[in-house]
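S.K.: Below is the sequence, then the predicted model.
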Amino acid sequence: MTDARIKVVAHIRAQAGKEEEMKGVLLSLIEPTRKEAGCLRYELYENKEDSADLTFIEDWESDAALEAHLRTPHFQAAAAQMAPLAAAAPDVRRYRLAG
């Protein structure tokens, strides 16, 4: 039987001068997301040497749980707030356990 869990690595780059504002938007996602069904891990990391470089490491029970997260009002609101603060489109990658 295949493990349905999904790991997401989402890299977000803030525009110069917008680092703290972007980090605030991203931090606001943590509490409500961790309460969602199917969320196993949801952590935001900041590059120690480049505060514009932010990365979410996420674990989800399934693709369906992740897709439900992307439709939540809190995610949709944050995505709208992030767009004008981002230096580029987020680099979001989904992984499954190999084997």
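M.R.: Sure thing, it's come through. Numbering: from 1, shown residues only.
S.K.: And the helices in this structure, which stretches?
M.R.: When assigned using DSSP state H, the helices of the chain occupy the ranges 19-34, 63-70, 73-82.
S.K.: what is the mean pLDDT for the shortest one?
M.R.: So the one you mean is helix 63-70. For helix 63-70, the per-residue pLDDT values average out at 96.
S.K.: gap between E67 and G17?
M.R.: 34 Å (Cβ to Cβ, to the nearest Å). Glycine gets a C-beta too; all of them are placed from N, C-alpha and C.
S.K.: actually V92, not the one I wrote
M.R.: In this view, V92 and G17 are 24 Å apart by Cβ to Cβ.
S.K.: and if you look at E58?
M.R.: 27 Å.
S.K.: Out of those two, name the residue with the larger neighbour count.
M.R.: E58 (20 against 9; other Cβ atoms under 10 Å).
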